[in-house]
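Q: I would like to see how this sequence folds:
(2 chains)
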Amino acid sequence: MKRVNAIVIGAGAAGGIVAKELSTAGLSVVLLERGKWYTAHDCRKDDLRNQRTTLLGNAFGPDDDGNPRVWVDEKGSAHTSLPSEGAYQNNAACVGGGTLSYGAQAWRYMPQDFRMRSTYGAPEGSSLEDWPVSYDDLEPFYDKAEYEIGISGDYSGTPFKGPRRRDLPMPPLAPNREFGILEPAAKRLGLHPFHLPMARNSVPYNGRGPCMRCRWCCGFACEVDAKNGSQNTVLPVALATGNCELRTECMVTEILTDDRGRALGVSYVDADKRRREQLADIVIVSGCATESARLLLNSKSRLHPHGLGNRYDQVGRHLQGHHYTGAVG
Amino acid sequence: MFNRREFIAASALASAALAACRHSQYAFLTEKDSATLAALCDQIIPADDFPSASQAGVLTYIDRQLTRHYRRHQQAYRDGLMQANLLSRNRFDVDLADASQQQQFEIATNLEQQNRPFFDLVRSHTMQGYYGSPRHGGNRDAASWRMLGLDEPPVRGRAQYDFTAASGSKP
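A: Sure, this is the predicted structure:
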């Protein structure tokens, strides 16, 4: 196959943005996605099979057949999990990745989130570190993402926010009935309730309409396309350049390296289960925490006997799934 | 080609063969399995103003999933349903499906103690079939949603429900 400038592995939150930035800069890009590209017809309001309640499997992949994960606990015992089980820590396998069916809260980190270790100290036995970048370093990019992806909300009610160059591009979604009860109650308690940032259109934006306030958001794809993810924001821009080719149902199995140990391209299995190779100058691994680590570990060679980028045996360790905290009353 | 007499004979043979392997209207459950499971499910969700589990299609739901997403639970169902019947015959001399309501309740309670994993499986599958989307074979005529005052099809936005009024009422 024709050699290209860049291969991007995974068309989710990160891969979509990278593909768009590279292709608009004039680079030729092949974007490889293991899942399918779903449409409005797949936006079923199914309470037993969606991306959050997975009793009958994941609506947007991976399928329970043929996609197990093995993880090792603190005591060294190996466990096998199915994609529809909680321990799998699944995050969808489709064009858009998790952003097709997420709840779409779109927070910025607070400035101290970048300095957790120096602010709070590292708990005994933890590997907590400060980030090598600061809030101020990222602020211009937060702003760019909020405007290009499309975020609604209003930070003005919280005194805890980091400095911002301007407001969010869309006003907050209209308050619901729970808001009418909880907001004044929170204020009476001396708290600072505010309209949280959502990657959901509250008004027409980027050529798509606003949220219709149905009850089927987190775990479902949006049938009116008012929820903003890679699949309806950055990817269409990338594809419109003519520089980006998206190949769906293509699962990358190994990153190939040359005799100096540098990435040369990838080996992948296409929709017809045929093994293929694609060569490129740059290989970008953006397959989410678990699958990126698995791919790196599976990319062994003479110069990388323990997998790519794993000289210090840290790849695949310190991973954290999506932990939920909540309160009911 | 069959003549009329041969056709009748062949039909009788075919029916006998079907009865022998106890094929039912279900894909996985045998006739006997389905009667036992119906008894069990209806102890979990009995009929009141609204249909019972089996009346609302829970068996269709469970049977369908046992040939699809819940294939891994087939053996648990085979063993568990046999155990339920055995408990009933040992205690009351009848299959679970033929026992009285009170007897079925006792056996269900007994089964919960003796085979918790299977009972929990049936309980969650019964609730899934009863309250889940009718698309999967259960919740016939959206019975449970009507009970809860939810719309079918479920299109109405959450902000339009008046939760302060009597339960299930709509503006």
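Q: every contact and neighbour count from this point should use C-alpha atoms.
A: Fine.
Q: show me where chain B has strands.
A: Using DSSP state E, no strands are found in chain B.
Q: give the residue spans of it that score low on pLDDT.
A: B:1-23, B:154-171 (pLDDT under 70).
Q: longest helix in it, by residue count?
A: Ranked by residue count, the top helix of chain B under DSSP state H comes out as helix B:74-92.
Q: any idea how far residue A:52 is from residue A:327?
A: Distance of residue A:52 to residue A:327, given as Cα to Cα, to the nearest Å: 18 Å.
Q: comparing these two, which residue is more hemmed in?
A: Neighbours per residue (other Cα atoms under 10 Å in any protein chain shown) separate residue A:52 from residue A:327, with residue A:52 holding more: 22 against 4.
Q: which residues does the more buried one contact?
A: Residues near residue A:52 by Cα atoms under 8 Å, 6 or more residues apart in numbering or on different chains: A:58, A:218-220.
Q: which members of those residues are the farthest-apart pair?
A: A:58 and A:218 (13.1 Å; Cα to Cα).
Q: so between the two, which is more surrounded?
A: Between residue A:58 and residue A:218, counting by other Cα under 10 Å, residue A:58 is the more crowded of the two (24 against 18).
Q: and which of the contacts of residue A:52 is nearest chain B?
A: Chain B has its nearest neighbour among the contacts of residue A:52 in residue A:58, at 10.8 Å by Cα to the nearest Cα.
Q: grab the most central residue of chain B for me.
A: residue B:59 (2.6 Å; Cα atoms, centre = their mean).
Q: residue A:209 contacts residue A:224, correct?
A: Yes - using Cα atoms under 8 Å, residue A:209 is in contact with residue A:224, at 7.3 Å.
Q: so which of the two has more stuff around it?
A: residue A:209 (16 against 13).
Q: one step back: give the buried residues for the longest helix of chain B.
A: Using 16 or more other Cα atoms under 10 Å in any protein chain shown as the test for burial, helix B:74-92 gives B:74, B:77, B:80-82, B:84-88, B:92.
Q: before we move on, what about stretch B:65-72?
A: Under the neighbour-count criterion of 16+ other Cα under 10 Å, stretch B:65-72 has B:65-66, B:70 buried.
Q: for residue B:123, what are its contacts?
A: Residue B:123 makes contact with B:41, B:44, according to Cα under 8 Å, 6+ apart.
Q: swap the cut-off to 10 Å and go again
A: Under the criterion of Cα atoms under 10 Å, 6 or more residues apart in numbering or on different chains, the neighbours of residue B:123 are B:40-41, B:43-45, B:112, B:117, B:129.
Q: tell me which element the nearest residue to residue A:249 once chain neighbours are set aside falls in.
A: If the residues on either side of it in the chain are set aside, residue A:249 comes closest to residue A:34, at 4.2 Å by Cα to Cα, 6 or more residues apart in numbering or on different chains. Assigned by DSSP states H and E, residue A:34 falls within no helix or strand.
Q: doesn't residue B:52 make contact with the residue nearest to the centre of chain B?
A: No - counting by Cα atoms under 10 Å, residue B:52 is not a contact partner of residue B:59; they are 11.0 Å apart.
Q: give the contact list for residue A:310.
A: By Cα under 10 Å, 6+ apart, the residues touching residue A:310 are A:293, A:296-297, A:300, A:304, A:316.
Q: let me have the residues you listed in JSON lines, extended by distance to chain B.
A: Putting the contacts of residue A:310 into JSON lines (distance: Cα to the nearest Cα, whole Å) gives the following:
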{"residue": "A:293", "distance to chain B": "29"}
{"residue": "A:296", "distance to chain B": "31"}
{"residue": "A:297", "distance to chain B": "30"}
{"residue": "A:300", "distance to chain B": "35"}
{"residue": "A:304", "distance to chain B": "39"}
{"residue": "A:316", "distance to chain B": "30"}
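Q: for chain B, what are the nearby residues on chain A?
A: Residues of chain A lying close to chain B (Cα under 10 Å from any Cα of the partner chain) are A:45-49, A:55-57, A:64-65, A:174-178, A:212-216.
Q: mind listing the helices for chain A?
A: Taking DSSP H as the criterion, chain A carries its helices at A:13-24, A:116-120, A:135-145, A:177-188, A:234-240, A:288-298.
Q: before we move on, back to that, wait, the residue nearest to residue A:249 touches residue A:60, no?
A: No - Residue A:34 lies out of contact with residue A:60 (Cα under 10 Å); the separation is 11.2 Å.
Q: any common contacting residues for the two?
A: Residues touching both residue A:34 and residue A:60 (Cα under 10 Å, 6+ apart): A:93-95, A:97.
Q: which of those sits closest to chain B?
A: Closest to chain B out of the shared contacts of residue A:34 and residue A:60 is residue A:93 (18.4 Å), distances taken as Cα to the nearest Cα.
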